[in-house]
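Student: A predicted structure for the sequence below; I have some questions about it.
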Amino acid sequence: MPPRPRFDRRAPVRELPNINDRINYPKLRVVDSDGTQLGVIHREEALEVAKERELDLVLVSEKADPPVCRIMDYGKYKFEQEKKAKEAKKKSHQTEVKEVKMRYKIDQHDYDVRIGHATRFLKAGDKVKCTVIFRGREIQHTSLAETLLRRMAKDLEEQAEVQQAPKREGRNMIMFLTPRKTPLIKKEKNGASTVQAVRTISTPIRTNSSKVAKKTDSAI
């Protein structure tokens, strides 16, 4: 029987940053804290400049020839880097698949609840798996389940796009919705009715002046 491996009680080796005395290159290209190029100088001179400014000499590019170092406040720099990493982690969202289950005989109230759940999942950036469950002889009514799923897709069309159309899998019928990337543009049918202009100013009646004159003479 092989000997049992001994438990290693030694503390794990941490990778220490290459700053100050841990930098072992004889010559360095040094950038000052304000971005000024100090040129290629010896390691001891660079450490002296950093010490005078009460800052750290930090190795930023080891592969360059000669290696590049920057004079900075390493503690402040490390804090800002960790803060940026935390903010980036908060903003990044791992897409998950959330499931909404129902039966094709679902009533309106329960249907509205499922719509609310799906809307919340989609706004969070997750995909939604809409599942209609069949029990017993209900499997004969797959057309009703498909109609229900297509109704749900229609009700959620402002938030979601259909990634997979309704499809039967075993004793279930499923449909996948994914958050809509582009806003939905609804086509509105404008019934443009032709309006005819109606004259509102009455046209003066033209009378024959000669006939008026004859009638006047006869009256005299």
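Tutor: Everything's here; your move.

Student: The closest residue to Asn24 other than its chain neighbours and Lys101, how far apart?
Tutor: Once flanking residues are discounted, Asn24 sits nearest to Arg43: 7.8 Å by CB to CB, 6 or more residues apart in numbering. The C-beta positions use only the backbone N, C-alpha and C, and glycine is treated the same way. In this view, Arg43 and Lys101 are 67 Å apart by CB to CB, to the nearest Å.

Student: neighbour count winner among the two?
Tutor: Arg43 (19 against 13; other CB atoms under 10 Å).

Student: now the more buried one: how far from Thr36?
Tutor: From Arg43 to Thr36 the distance is 19 Å (CB to CB).

Student: Mark out where each domain of the protein begins and ends.
Tutor: 20-89, 97-179 (automatic domain parsing).

Student: I'd say the residue nearest to Asn24 and Pro26 touch.
Tutor: Yes: with contacts counted by CB atoms under 8 Å, Arg43 reaches Pro26, the gap being 5.7 Å.

Student: can you map out the strands along this protein?
Tutor: 27-31, 37-42, 56-61, 68-72, 97-102, 127-133, 160-169, 172-179 (DSSP state E).

Student: how about those strands in a markdown table, adding distance to Val49 and mean pLDDT?
Tutor: Listed next are the strands of the chain as a markdown table, based on distance: least, CB to CB, whole Å; pLDDT from 0 to 100:
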| stretch | distance to Val49 | mean pLDDT |
| --- | --- | --- |
| strand 27-31 | 7 | 92 |
| strand 37-42 | 7 | 91 |
| strand 56-61 | 8 | 90 |
| strand 68-72 | 6 | 93 |
| strand 97-102 | 56 | 93 |
| strand 127-133 | 55 | 94 |
| strand 160-169 | 59 | 93 |
| strand 172-179 | 53 | 94 |
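
Student: Throw the ones you listed into TSV and include distance to Glu87, thanks.
Tutor: Converted to TSV, these look like this (distance: least, CB to CB, whole Å):
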stretch	distance to Glu87
strand 27-31	26
strand 37-42	31
strand 56-61	22
strand 68-72	21
strand 97-102	25
strand 127-133	25
strand 160-169	28
strand 172-179	22
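
Student: Please give me every residue in contact with the nearest residue to Lys101 once chain neighbours are set aside.
Tutor: Once flanking residues are discounted, Lys101 sits nearest to Thr131: 4.8 Å by CB to CB, 6+ apart. Going by CB atoms under 8 Å, 6 or more residues apart in numbering, Thr131 touches 99-102, 172-174.

Student: Distance-wise, check Thr131 relative to Phe176.
Tutor: For Thr131, the distance to Phe176 equals 10 Å [CB to CB].

Student: Could you do Glu146 as well?
Tutor: Taken as CB to CB, the span from Glu146 to Phe176 is 14 Å.
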